[in-house]
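> I'd like to go over a predicted model; first the sequence, then the structure.
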Amino acid sequence: MAKSGASDPFIICREDDDPDVLWCAEVFKSDEAKDAYENGPLADELRDEILDVLAEPPMRIPVHPYSAS
C-alpha cells in the first residue's frame, strides 16, 4: 500500500482471538487518488501479491469515518 502513495495512512490490525486474521484499514488521500490507484496497473500487481499469501479470499467492507481526533 505504501508503494501506491494513494493512501495515508493505512492501519493493519491483528485479531486478538485469532492471530491468523488481519484487518487492514486504508485511508485514501481523496476519491481521485483512490480511483487512480484502483484503476491503475499497480493495484493489480499488489492484489496478486496479497492474494498469493492469503488462505482464503479477502473480504472488502466499505465504511466511512464516524469520528477522528
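On my side now, so go ahead.
> pull the helix or strand with minimum mean pLDDT from this structure.
Lowest by mean pLDDT, DSSP states H and E among the helices and strands of the chain is strand 7-14, with a mean of 78.
> So which elements touch the helix or strand following that one?
Later in the chain than strand 7-14, the nearest helix or strand by DSSP states H and E is strand 22-28. Counting contacts by 3 or more Cβ pairs under 8 Å, 6 or more residues apart in numbering; DSSP states H and E, strand 22-28 packs against strand 7-14. (Glycine included, C-beta is placed from N, CA and C.)
> tell me the angle the strand it packs on makes with strand 22-28.
Put simply, strand 7-14 runs at 170 degrees to strand 22-28, going by axes from the mean of the first three to the mean of the last three Cα atoms, to 10 degrees.
> Not counting strand 7-14 itself, show me its contacts.
Among residues not part of strand 7-14, those counted as contacts by Cβ atoms under 8 Å, 6 or more residues apart in numbering are 1-2, 21-29, 33-34, 37.
> Name the strands paired with the least confident helix or strand of the chain and say parallel or antiparallel.
strand 22-28 (antiparallel) (DSSP bridges).
> And the strand it pairs with, what's buried?
By 16 or more other Cβ atoms under 10 Å, the buried positions in strand 22-28 come out as residue 28.
> distance of the most centrally placed residue in the chain from residue 33?
Central residue of the chain (Cα atoms, centre = their mean): residue 26, 4.6 Å from the mean position. Distance from residue 26 to residue 33, counting by Cβ to Cβ, to the nearest Å: 11 Å.
> One more: residue 57?
From residue 57 to residue 33 the distance is 25 Å (Cβ to Cβ).
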